[in-house]
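Colleague: here is a sequence together with a model predicted from it:
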Amino acid sequence: MDFVLLPEILSSTLRMSVPLILACLAGLWSERSGIVDIGLEGKMLVGAFVAACSASYFHSPWMGLFLAIVVCVLFALVHGYASINQRGNQVVSGVAINMLAAGLTVVIGNSWYKQGGRTPQLDQGSRFLPIDFPGHDALFEMNGIGPIAKIFLDHSILVYIALALVPLSAWALARTRFGLRLRAVGENPQAVDTAGISVARLRYQAVIIAGVLCGIAGAYLSTALQTSFVRDMSAGRGFLALTALIFANWRAWPALWACLLFGFLQAVANFMQGAHLFGVEIPVQVFNALPYIMTIVLLAGFIGKSVPPKASGTPYSKDR
Amino acid sequence: MSARSDLPRWVDIGLIPALNLIIAFVMAGLVVLVIGENPFRALSILLGEPLFSLQGWCNILYYATNFIFTGLCVAVAFHAGLFNIGGEGQAYIAGLGAATPGLFIGAALAAVLPNALSQPITLLICLVCSFLVGGLWGLFPGYLQAKRGSHIVITTIMLNFIAASLMQYMINRVYRPLGMQAVESRAVNDAYIWNLREIGRAFGAKLPSTPLTPVIFIALLAAFAVWYLLWRSKLGYEIRAVGANQDAAVYAGINPARIIMITMMISGGLAGLLAFHEVLGTQHRLVLEYVQGAGFVGIAVALMGRSHPVGIVLAALLFGLLSEGGTQLSFEIQTISKDLVVVIQGLVVLFMGALEQAFHPWLERYFRREG
Amino acid sequence: MSTAIPAIELIGIDKRFGAVHANINVSLAIAQGSIHGIIGENGAGKSTLMSILFGFYHADKGEIKLRGQPVKIRSSTDAISHGIGMVHQHFMLVEPFTVLENIILGAEGGSLIGPALDKARAALKRLADEYELDVDPNAIVGELPVGLQQRVEILKALYKGAEVLILDEPTGVLTPAEADHLFRILQQLRDQGKTVILITHKLREIMAITDRVSVMRRGELVADFETKKTNVGELAEAMVGRRVLLRVDKKPAKPGEVVLDVRGLTWRDKKNIARVDDASFTVRKGEIVGIAGVSGNGQSELLDVITGITRATSGQVLFKGEDVGAIDSAAELRKRGMAHVPEDRHHRGLITTFSAAESAILGYQRNPALGNGFRLNYEAVVNQTRKQMEEFDVRPVDPLLKSGKFSGGNQQKIILAREIGSNPDLLIVGQPTRGVDIGAIEFIHRRLIELRDQGKAILLVSVELDEIRSLSDRILVMFSGRIMGERPPSTDERDLGLLMAGVAQEAA
């Protein structure tokens, strides 16, 4: 293994983890309230598309972010309506959202830009760039500290927002009234109902939060990590985030570590085509598959247990 | 999967799917409008164009072959109360079962037997192996659900990705001959399924160029076999009982764990037949990503066809029409990508699967007034 | 008698659920600072009445007065704001939460829960001191034993300012020691001026701690006593009533050899409570043994063990002389000649989405007569079902109609036809006429007697005392998982009522 590449890999890890962290938090909020969200992938894709188009049109990454959030919330509300009001199958609804997202982004993108689904390249002004704080050049050049500083400080603002959202989410779930009620509704909605609290309202709020976070994740993909939208650019990240959520047992801080781990594996896969460990060549596909394999081992109960919120996936109806 | 209402049967099987389809088309039409094209022209090309040529019909049947397999896969699992999203991965990995006997045993058999015998025998072995490999990829999550309580939706999603990684490795490193640039295996000539044109040539007829093969008959046979299994066999009865009411099934002496595993094996196996079709009939070699989303279309087909083989065949034909129409549409109106069909598929899944009950209040009121 | 204004007055409460008249013009006054018991059999209407008080249902007629003021209780939130709290039979607790978190849920008083938790902790300490309601505030509710979980429910109600506490069958899930502690808590509450309403069917509890007791029977309030002025006998009689027997003409039984021999059967649930407690009895050929008792006293669990759905914790079940305790498969038991009409026909007895023909083979789908090997002979199934339907007067005689579309009585006949049709040696029947019309009841009863006359053994479980008395040759009464005693069908209702309510005694 080429250790010279390590700082690059670590820096890349953080960048690769950000969409996972955001999508994972989205899934966290949704599922802790009892709504299963398989549609993280689709929402992220839609967010990326809308952000890229808007950023290009308005020459502003912030407009891109804003509109991405708006549209993602709309998709999230569709899922919410199907799951909460119609008591439909939440998994199917999520699958539908993924299909819709995949189709709509390409159809609309292709017709507007005629590049087979791709959106125009964004210029520097329309993207989220690493934060330009005074003295950063000098810092990064320094011996020893420079590369380390680069790993942590050479990122766009969305990265820091994503990281900050982890403790924020953890705190909100544990220490606020909203968080308490949301956790309760994901475990025993009937208890919440008899306490006089609206189950539907809480779940809609959760679903909207998920939409916002997916919007940020998508915007990050096309305006920060990359420079445009390309078809299927979410590339399974939504599912990887869901996997991280399960691996983290639906808790915020473990979710961060899981996403960082999976991001690390993604970064390694990118950098190391033909890596060797103990003289044996490890195919890059092992790194790709590892998050899923680890989570299946966890799900099979061979190491520890993965316990979802009790009411997860079950539509609520007032049975008396 | 979900409770049926008190509406008359024909409404459930015919009217509601039709309504959902109409809404899907209307919404797709809106999308076409948004991108500045004429929705009526687009829809008429989409739904009509393929029907005007023999080639169009043949292509419809070709697509339908795959969709029947994946639709049956999802439907069989639905009947046991399971949501198998893993059809995509099960169909993909079954490619190993389709190609390997052809590549390694085929030559041996061809050396010993005349071609007229060795090809069918090899093909048969490939068919069985496709079913088995796909079946094992379905059995594994079935086992995890039955014996360890791991949710099948999650495990099948993961296995889709694992299958993708595994196949990428296998095709790239194991099956690709040295010196070949393209990421694919050797051509499987000892297990070769002729397409329509090639069959025509053998009889001196000039038939259109189409990937359609006789495997469509296997698909129809599979549909019949699934019908027979579910409604005319003891195992099928037990599968449906477990899916309808697990408590009653236990009361009836049925072992739900056993049924879940068997069902997932059959389900995965059916998806595996797609690999047989694509690898040996269309590509004639193992290539990357030949499933192309058919696993997910299978979900739409199963929902539309109400998980009944007859409905599935009809829905598969419909989606075959849409797939072919989508390609035609993207030729004729270049600003409309053929992914419009994916949008329609997504809308069908949304309305048939998650918003199923949305129209029931109105329909129930209407029918209560009538009867 | 004090002339103080009653804490609660229910005046002329009337409630129907479709054809069922659950509460018939019930008027009841409950004094403040007392423990008031409401006793009755299944279906007497006590739970409905209290649900109306707690805002789950709305009465069709009648009014409610709290401390003399008429109130409208439209929801449980209304009830809570009026100071009425309820401890349900099935707890409304969030298991992964701590005790404190459960208590403040819905009463957080602010966006951050920190202050609420502190407030609750202080309140909890106070309540613990006043009423002996000790619970570790930081304990995870899911890990607490049931008795402590119940305490959390009580604390929830008190924290939200309940002055009236309704408890619905609270001791069903408790050990005797936990039940005693509960009673002490209730007495403390009463002594501090709270009003407690106790819904139960257990006479001992009534006599032990209540000040007044009201008896409900078939939707009506039939008696209202000061507890120290009455006795178990009088209560039992009021609870069960003197009824005109639905006499089914039957010849005396001619019992033959023992078919079912249950010895010391005990079944413990996940929380290690004995739901079936050392039960022993026999059932012979040519007789009907009826198990009477209020539901929830272990009858369902007993049947589950005997029919192979669950396995006994200890004890033996001998069927035709062989120990079948180890047989987990209901199918295997059917093959040996044990048929079972389950208590809950919708959830177990048939599959409502299947056609009648398919439900009619539920449990018998592997019968070689219905097809060899893999195949299921559809025609044979339909024909067999049609014959059964004609024989048992199921209407309409349409084997292809969905099971869910038949009326309750016809569904039950389909199930009965199926189980009797297999020519079993032992037929186990649970609640055969629940939700069934009179005509079908008569038919079913006659068939059961016929079966018994043919020399079959029948084990009947029913909460309908009339049914038990008119069909059974011998009656066993179950209470709290135990067989309280065996009586002939001619036994006095009061005697049976006492046994059903947990008062052990020698045969009269």
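Modeller: Perfect, thanks for sending it. Numbers count the residues shown, from 1 in each chain, chains lettered A, B, ... in the order given.

Colleague: which secondary structure elements does the strand or helix carrying residue C:36 sit against?
Modeller: Per DSSP states H and E: residue C:36 is located in strand C:35-40. If contacts are counted by 3 or more Cβ pairs under 8 Å, 6 or more residues apart in numbering or on different chains; DSSP states H and E, strand C:35-40 sits against helix C:46-53, helix C:176-191, strand C:195-200, helix C:203-209, strand C:212-217, helix C:232-240. Where you see a C-beta, it was placed from the backbone N, CA and C, and this is true even at glycine.

Colleague: quick one: that strand to chain centroid distance?
Modeller: Once both centres are worked out by Cα atoms, centre = their mean, to the nearest Å, strand C:35-40 turns out to sit 17 Å from its chain's centre.

Colleague: what does stretch C:107-125 give?
Modeller: With Cα atoms, centre = their mean, you get 37 Å for stretch C:107-125.

Colleague: residues making contact with the helix or strand encompassing residue A:164?
Modeller: Here residue A:164 sits within helix A:157-175, counting by DSSP H and E. Here helix A:157-175 makes contact (Cβ atoms under 8 Å, 6 or more residues apart in numbering or on different chains) with A:14-15, A:18, A:21-22, A:25, A:28-29, A:32, A:65, A:128, A:131, A:178-179, A:182-183, A:213, A:216, A:219-220, A:224, A:251-253, A:255-256, C:112-114.

Colleague: tell me the mean pLDDT for the lengthiest helix in chain B?
Modeller: Longest helix of chain B, by residue count under DSSP state H: helix B:115-148. Mean pLDDT, helix B:115-148: 93.

Colleague: that one and chain A in contact?
Modeller: Yes - using Cβ under 8 Å from any Cβ of the partner chain, helix B:115-148 reaches chain A at B:144, B:148.

Colleague: could you point out which element follows that helix?
Modeller: Where DSSP H and E defines the elements, the next helix or strand beyond helix B:115-148 is helix B:152-169.

Colleague: check which helices and strands that next one sits against.
Modeller: helix A:237-247, helix A:284-299, helix B:87-100, helix B:115-148.

Colleague: quick one: which of these is nearest chain C?
Modeller: With distances scored as Cβ to the nearest Cβ, the stretch of these nearest to chain C is helix B:115-148 (15.9 Å).

Colleague: re earlier: and the helices and strands packed on helix B:152-169, which is most packed in?
Modeller: Mean neighbour counts were compared across those using mean count of other Cβ atoms under 10 Å in any protein chain shown; the top stretch is helix B:87-100, at a mean of 30.

Colleague: confirm that residue C:290 sits in a helix.
Modeller: No - applying DSSP: H, G, I helix; E, B strand; the rest coil, one finds residue C:290 to be strand, outside a helix.

Colleague: return the set of residues that bridge with it.
Modeller: According to DSSP bridges, residue C:460, residue C:475 are recorded as the beta-bridge partners of residue C:290.

Colleague: contact partners for it?
Modeller: C:460, C:461, C:462, C:467, C:468, C:469, C:471, C:472, C:474, C:475, C:476, C:489 are the contacts of residue C:290 under Cβ under 8 Å, 6+ apart.

Colleague: at 7 Å instead, please
Modeller: For residue C:290, the contact set (Cβ atoms under 7 Å, 6 or more residues apart in numbering or on different chains) comprises C:460, C:462, C:468, C:471, C:472, C:475.

Colleague: how far off helix A:284-299 does the longest helix of chain B point, in degrees?
Modeller: 40 degrees (axes from the mean of the first three to the mean of the last three Cα atoms, to 10 degrees).

Colleague: ok so residue C:366 is a helix residue?
Modeller: No - using three-state DSSP, the assignment for residue C:366 is coil, not a helix.

Colleague: what number of residues lie near it?
Modeller: Neighbours of residue C:366 under the rule other Cβ atoms under 10 Å in any protein chain shown: 19.

Colleague: who's in contact with it?
Modeller: Residue C:366 makes contact with B:234, C:331 under the criterion Cβ under 7 Å, 6+ apart.

Colleague: against residue C:385, how distant is it?
Modeller: Residue C:366 sits 17 Å away from residue C:385, taking Cβ to Cβ, to the nearest Å as the criterion.

Colleague: near chain C, anything from the biggest helix by length in chain A?
Modeller: Ranked by residue count and defined by DSSP H, the top helix of chain A is helix A:6-32. No - Helix A:6-32 lies out of reach of chain C by Cβ under 7 Å from any Cβ of the partner chain, never closer than 10.8 Å.

Colleague: residues of that helix that come out buried?
Modeller: In terms of neighbour count (16 or more other Cβ atoms under 10 Å in any protein chain shown), helix A:6-32 has its buried residues at A:8-32.

Colleague: same check, this time on stretch A:249-263
Modeller: For stretch A:249-263, a neighbour-count test (16+ other Cβ under 10 Å) marks A:250, A:251, A:252, A:255, A:256, A:258, A:259, A:260, A:261, A:262, A:263 as buried.

Colleague: now swap in stretch B:227-243 and tell me
Modeller: Taking 16+ other Cβ under 10 Å as the criterion, stretch B:227-243 shows B:227, B:229-231, B:233-243 as buried.

Colleague: over to stretch C:157-164?
Modeller: For stretch C:157-164, burial by neighbour count (16+ other Cβ under 10 Å) applies to C:157, C:158, C:159, C:160, C:162, C:163, C:164.

Colleague: quick check: phi and psi on the last one?
Modeller: It stands for residue C:164. Reported as degrees, to the nearest 10, the phi and psi values for residue C:164 are phi -120, psi 130.

Colleague: ok, residue A:23 touching residue A:212?
Modeller: No - counting by Cβ atoms under 7 Å, residue A:23 does not reach residue A:212; the two are 11.7 Å apart.

Colleague: interface residues of the stretch 101-250 of chain B facing chain C?
Modeller: B:232, B:233, B:234, B:235, B:237, B:238, B:241, B:244, B:245, B:247, B:248, B:250.

Colleague: now the helices and strands packed on strand C:35-40 in TSV, with distance to residue B:206 and mean neighbour count?
Modeller: Below are the helices and strands packed on strand C:35-40 laid out as TSV (distance: least, Cβ to Cβ, whole Å; neighbours: other Cβ atoms under 10 Å in any protein chain shown):
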stretch	distance to residue B:206	mean neighbour count
helix C:46-53	79	24
helix C:176-191	88	17
strand C:195-200	85	24
helix C:203-209	92	20
strand C:212-217	88	24
helix C:232-240	91	21
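
Colleague: out of those, flag the one nearest residue B:120.
Modeller: The minimum distance between residue B:120 and the helices and strands packed on strand C:35-40 falls on helix C:46-53, with 70.1 Å, by Cβ to Cβ.

Colleague: so for stretch C:429-437, mean pLDDT?
Modeller: The average of the pLDDT scores along stretch C:429-437 is 85.

Colleague: and for that stretch, what's in contact with it?
Modeller: Contacts to stretch C:429-437, defined as Cβ under 7 Å, 6+ apart, come from residues C:303, C:341-343, C:408-409, C:412, C:441, C:444, C:448, C:458, C:460-464, C:467.

Colleague: show me those residues that map onto strands.
Modeller: C:341, C:458, C:460, C:461 (DSSP state E).

Colleague: can you select the buried ones among the residues you listed for me in ChimeraX?
Modeller: Buried residues among the ones in strands among the contacts of stretch C:429-437 (16+ other Cβ under 10 Å), as a ChimeraX selection:
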select /C:341,458,460,461
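
Colleague: from the ones in strands among the contacts of stretch C:429-437, pick the one nearest chain B.
Modeller: So of these, ranked by how close each gets to chain B (Cβ to the nearest Cβ), first place is residue C:341, at 10.5 Å.

Colleague: show me which residues of the stretch 201-320 of chain A are close to chain B?
Modeller: A:236, A:239, A:243, A:246, A:283, A:285, A:288-289, A:292-293, A:295-296, A:299-301.

Colleague: give me that answer again for 6 Å
Modeller: Proximity of the stretch 201-320 of chain A to chain B, by Cβ under 6 Å from any Cβ of the partner chain, involves residues A:239, A:283, A:285, A:288, A:289, A:292, A:296, A:299, A:300, A:301.

Colleague: a markdown table please, covering those residues and showing distance to residue B:298 and pLDDT.
Modeller: Shown next, in a markdown table, are these (distance: Cβ to Cβ, whole Å; pLDDT from 0 to 100):
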| residue | distance to residue B:298 | pLDDT |
| --- | --- | --- |
| A:239 | 18 | 93 |
| A:283 | 30 | 83 |
| A:285 | 25 | 87 |
| A:288 | 24 | 88 |
| A:289 | 23 | 92 |
| A:292 | 21 | 92 |
| A:296 | 22 | 90 |
| A:299 | 24 | 86 |
| A:300 | 26 | 86 |
| A:301 | 29 | 79 |
